[in-house]
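[1] can't give you the sequence, but here's the structure:
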């Protein structure tokens, strides 16, 4: 009896986008031996290697990149094995990109078929839920407060305090809403959890719902993520079949179910109040706060709203070795942060690490510099509402505090590298154009201010020395910041301020 | 029409906030939301037709007219900007002789811009219906349209 040879071919959006599905079709047609098995695993998040195919034989697992490689000329599986050996396969856990990370929340991605619930359970999955059901709500919340976890969606609000607020509401109906409307350009950490470890999200939601007293949860998923939708539908079904969702979960008296809602191409629906409007079946117009969603949220009931990564972090906090997470970092920047490195960089992907890492370490040690080989000119941090840093600021650490000092934010952890071909005045204009396209239109500064902003920047592109337009842009940004209803209008000036300050003479000449 | 729209709507009427999923389902089956659908939805969800139109027109994904069989969404967000997505967009508009948002006369192709497909590390990215294409080039997109039967998710 021969030992089974396992071939791992990821089934994940980025891997598929560069050919993983095609390779799967070709290789699966070669197999006529029951001792060879294909597993569609998740991605390790080292996207420059995708499609990264691995073979496990005699307990040893190694992989090789099949980017731009056509295998349709192969006739037998043995020919594939020979081809594989020629590519100098290696253990992905030994490359610096993976080895230097501190993967806690993303510890499972890449290893196995993400829908294999036995693998999930065998790697400490659902142990935190069982612990939670024993601890009871208040002790769970205490533990999350003590962990120092802040929301990973963008606003970095303390998760435990939000949970306490929902828990304290005296209401027979409460909701949990998972914000999976990951819309910031340059971000994909939520998608990677949903596609490559969906049970972590489902378990995190279940624990959070139990802690605050919600029996119904929604996942509001953006329509641009069809594969994540597919995985979530199947994972929810499997969790139901195994009594990890539904009634009397794991023989407790706790009932919880999850409904998946699909967005329809609106960025502003990632703003929590606009998201609630959308779930309720209306236009995604933001609501004014107060009332806070934790007190009066979805369908006017107390609602816990967190993004995907935040909820998927919760199980890790209830494991006995939770100190792994909480002992990393200081002040508000506690735990690990999944940075998402992309743009003009050789090695882009997901980097889960401490906050107090420098931009240089991220771009050089993990990213190996620009893809074009040209010098770095700008780095955008924190999405369309974040800031641009110049190449002289690479020693900046990525803590919440240090970015706040620069009037920026970590946001959802996106880091986009631009080489010296970038036109910063164009990037400033894009910030306003994006706001024109995505503003919900409810408040005037955002709706009209963004249009005026594009016009002023277009004039500045023709005459950088216009003092009048520089003053007008400054005043307009101030108006947006202080009078917009939500962060869309309120933070759109951030990238523009940073371009004026850190890229002198590129938008405005003084 | 062979598909009965009232049967499509029915499962969503009892759901809280069921209008959005109903619109998605209708559009999935029928391609777009017709005037008759709007009237039907208004009755089913006990609201005015204006409210239904209100929702449809807010969201980029919903449409009131037929659209191409292949919807090609070209990412124009920041990460793809660093990978020359503007050039790709202009190449595609000239190849198909269509402007952004337009549909070819034979209803085969619609071009749209999109802001982030979450495929940022292997940009520029394009989505054709439900398939994302990384390191996208005009050639890759044309070849995908020709062979799309072999490239299902």
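    Yep, it's here. Not measured: the values here are computed from a predicted model.
[2] make it CA atoms for all contacts and neighbour counts henceforth
    Will do.
[3] residues contacting residue A:27?
    A:71, A:77, A:80 (CA atoms under 8 Å, 6 or more residues apart in numbering or on different chains).
[4] That should have said residue A:34, apologies.
    Residue A:34 touches residue A:4, counting by CA under 8 Å, 6+ apart.
[5] The longest strand along chain A pairs with which strands, and in what direction?
    Longest strand in chain A by number of residues (criterion: DSSP state E): strand A:336-343. Here strand A:336-343 is paired, per DSSP bridges, with strand A:349-354 (antiparallel), strand A:414-419 (parallel).
[6] Single out the most deeply packed of these.
    Mean neighbours per residue, mean count of other CA atoms under 10 Å in any protein chain shown, is largest over those for strand A:414-419, with a mean of 28.
[7] Past it, which element shows up next along the chain?
    helix A:424-438 (DSSP states H and E).
[8] does the following helix or strand past that next one come close to chain B?
    The element immediately downstream of helix A:424-438 (helix or strand, assigned by DSSP H and E) is helix A:444-462. No: applying CA under 8 Å from any CA of the partner chain, one finds helix A:444-462 separated from chain B by no less than 13.8 Å.
[9] which other helices and strands contact helix A:444-462?
    helix A:424-438, helix A:467-483, helix A:487-491 (3 or more CA pairs under 8 Å, 6 or more residues apart in numbering or on different chains; DSSP states H and E).
[10] Let's have those helices in JSON lines, adding mean pLDDT and distance to residue A:158.
    JSON lines is the format used below for the helices and strands packed on helix A:444-462 (pLDDT from 0 to 100; distance: least, CA to CA, whole Å):
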{"stretch": "helix A:424-438", "mean pLDDT": "98", "distance to residue A:158": "27"}
{"stretch": "helix A:467-483", "mean pLDDT": "97", "distance to residue A:158": "23"}
{"stretch": "helix A:487-491", "mean pLDDT": "96", "distance to residue A:158": "18"}
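[11] Nearest approach to chain B belongs to which of those helices?
    helix A:424-438 (8.3 Å; CA to the nearest CA).
[12] The closest one to helix A:444-462, inter-axis angle?
    Orientation of helix A:424-438 against helix A:444-462 (axes from the mean of the first three to the mean of the last three CA atoms, to 10 degrees) gives an angle of 150 degrees.
[13] what's next to helix A:424-438, contact-wise?
    A:266-268, A:384-385, A:446-448, A:450-451, A:453-454, A:457-458, A:461, A:488-489, A:492-493, A:495-496, A:499, A:503, A:506-507.
[14] Would you mind checking the residues you listed for buried ones?
    With burial judged by 16 or more other CA atoms under 10 Å in any protein chain shown, the buried subset of those is A:266-268, A:384-385, A:446-447, A:450-451, A:453-454, A:457-458, A:461, A:488-489, A:492-493, A:495-496, A:499, A:503, A:506-507.
[15] In chain B, which residue sits nearest chain A?
    Closest approach between chain B and chain A, counting by CA to the nearest CA: residue B:17, at 4.0 Å.
[16] which helices and strands sit right next to whichever strand or helix holds residue A:273?
    In this structure, residue A:273 sits in helix A:272-279 according to DSSP H and E. Based on contacts counted as 3+ CA pairs under 8 Å, 6+ apart, there is no element that helix A:272-279 packs against.
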